[in-house]
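Student: predicted model and sequence below, questions to follow.
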Amino acid sequence: INPEEEGLIVTIDTKSGIYIADKWSRLDNFEENLKKELKKASTEGVFLRADSLVSYGVVIDVISRLRAAGVIEIGLITQPREKKRGRKR
C-alpha cells in the first residue's frame, strides 16, 4: 500500500472483536460490511491493526476474509517495541 494513500483500517481488539473503520462487525457478515466500507471510503487498500494478545489464528482468519472480499493490498500497522530499562550486560 502506498503510504501517501489512505486505506481503510480494520482492527482486531484483545477480545478478538473485529472493527471496520471503528464500526464493529460480526465475522459472518464481515466481507459484506468490508465491501460497503471500502466503497464508501473510495479505497482498495486495507491496513490491519491487531492487539499483541490476539492469537495468530484469528489474524490469519481475518486476512483470508480480506482476500475473499477482494482486497489485494494489505498493510500491517505496527507499534515499535518499548525498550526495557535495566542494567546492560
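Tutor: Nice, I can see it. Numbers count the residues shown, from 1 in each chain.

Student: surely Asp22 and Val10 touch.
Tutor: No. Assessed by CB atoms under 8 Å, Asp22 is found out of contact with Val10, at 10.1 Å. For every residue, glycine as well, the C-beta is placed using N, CA and C.

Student: which one's more surrounded, those two?
Tutor: Set Asp22 next to Val10 and count neighbours by other CB atoms under 10 Å: Val10 wins out with 25 against 7.

Student: how about the secondary structure of the more buried one?
Tutor: Put simply, Val10 is strand when judged by DSSP: H, G, I helix; E, B strand; the rest coil.

Student: local confidence estimate at it?
Tutor: What the model reports for Val10 is a pLDDT of 96.

Student: how close does it get to Ile20?
Tutor: 6 Å (CB to CB, to the nearest Å).

Student: what sits in contact with each of these two?
Tutor: Residues touching both Val10 and Ile20 by CB atoms under 8 Å, 6 or more residues apart in numbering: Leu34.

Student: buried stuff in stretch 38-56?
Tutor: 38, 41, 43, 45-50, 54 (16 or more other CB atoms under 10 Å).
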